[in-house]
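Undergrad: Any chance you could fold what I've pasted below:
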Amino acid sequence: MRKAIAVYCGSSTDLSEPYHDAANIIGKGIAANKQTLVYGGGRIGLMGEVASSAAASGAQVVGVITHKLVKHEQANESCDELIVVDTMQERRTIMMERSDAFLVLPGGIGTYEEFFEVLVGRQLGDHQKQIGIVNIQGYFDPLMDLLEHGIQQKFIRPALRSLLFVDPCPTKVLKYVSSNEGVTLSPEDILPMHSKEDGDV
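TA: Sure thing, here's the model as predicted:
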């Protein structure tokens, strides 16, 4: 069982109920697994939902936020540990270092940036941590289509698919990222410059 789960998600507040439900399920699930939640440190939107749900259910909560976002995202002072940094790069780096796996809930540009950074890190072999995406209401379908387009145009290796677990069920995604399932690939298996003309999988 992986001990600390980073959850990437949005801070928007005007969302439909299924998004809120997913955040609550993830927060409670992390607590039930006796794991630590590592997240973006805000107390509004899905970030606030997952943190409050995890904390109310007994999980340790680590928030990482920038000074600039303290005001905008209303920093969650009730975190067991609240880390305030200067830059978004520092925020992402600390979240990656403090986590054993990554779970992505719907969010905006910042969530996409976090997702792509951990995906690139996995592709380069900088880490072997699980990456799971909760595809509520098909929110991430366009993202998956974009990655498939990159594969079809030979900018992305097909093996990239094996680095992601995508499912609409929050419980299934949390179970995956909490486990030791998945594959271990070397950069030679997945970087596009090592692609073979024939037989690439």
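Undergrad: my read is G132 is in a helix, agree?
TA: No: counting by DSSP: H, G, I helix; E, B strand; the rest coil, G132 is not part of a helix but strand.
Undergrad: Test my guess that it contacts L105.
TA: No: look at G132 against L105 with Cβ atoms under 8 Å: they stay out of range, at 9.9 Å. To be clear about C-beta, it is placed using only N, CA and C from the backbone, and glycine gets the same treatment.
Undergrad: Who has more neighbours out of the two?
TA: A direct count of neighbours by other Cβ atoms under 10 Å for G132 and L105 places L105 higher, at 27 against 24.
Undergrad: Relative to H127, how far out is the nearest residue to that one once chain neighbours are set aside?
TA: Nearest residue to L105, sequence neighbours excluded (Cβ to Cβ, 6 or more residues apart in numbering): C9, at 3.7 Å. Distance, C9 to H127, using Cβ to Cβ, to the nearest Å: 20 Å.
Undergrad: Which one's more surrounded, the two?
TA: C9 (29 against 16).
Undergrad: Dihedrals phi and psi, the more buried one?
TA: Here is the backbone geometry of C9 (degrees, to the nearest 10): phi -170, psi 170.
Undergrad: Please apply the same query to V61.
TA: Dihedral angles for V61 - degrees, to the nearest 10 - are phi -130, psi 120.
Undergrad: correct me, but it touches A51?
TA: Yes: using Cβ under 8 Å, V61 makes contact with A51 at a distance of 5.4 Å.
Undergrad: Give the residues shared as contacts by these two.
TA: Shared contacts of V61 and A51 (Cβ atoms under 8 Å, 6 or more residues apart in numbering): L37, Y39, N76, C79.
Undergrad: what two of these are the furthest from one another?
TA: Using Cβ to Cβ, the two most remote members of the shared contacts of V61 and A51 are L37 and N76, lying 10.9 Å apart.
Undergrad: who's more crowded, the two?
TA: L37 (26 against 22).
Undergrad: A helix includes that one, no?
TA: No: using three-state DSSP, the secondary structure at L37 is strand, not a helix.
Undergrad: burial count for K68?
TA: Counted with other Cβ under 10 Å, K68 comes out at 11.
Undergrad: Need the per-residue pLDDT for it.
TA: K68 is assigned 91 on the pLDDT scale.
Undergrad: That one and D86, how far apart?
TA: 9 Å.
Undergrad: Assumed G63 was part of a strand.
TA: Yes: counting by three-state DSSP, G63 falls inside a strand.
Undergrad: and it, what does it touch?
TA: Counted by Cβ under 8 Å, 6+ apart, G63 has contacts Y39, G40, G41, G42, A51, A75, N76, C79, E81, L82, I83.
Undergrad: and what of G121?
TA: When contacts are counted by Cβ under 8 Å, 6+ apart, G121 touches M96, H127.
Undergrad: pLDDT of the strand or helix carrying it, averaged?
TA: Using DSSP states H and E, the element containing G121 is helix 109-124. Per-residue pLDDT over helix 109-124 has a mean of 96.
Undergrad: Strand 130-134 and that one, what's the angle between them?
TA: Counting by axes from the mean of the first three to the mean of the last three Cα atoms, to 10 degrees, helix 109-124 lies at 150 degrees to strand 130-134.
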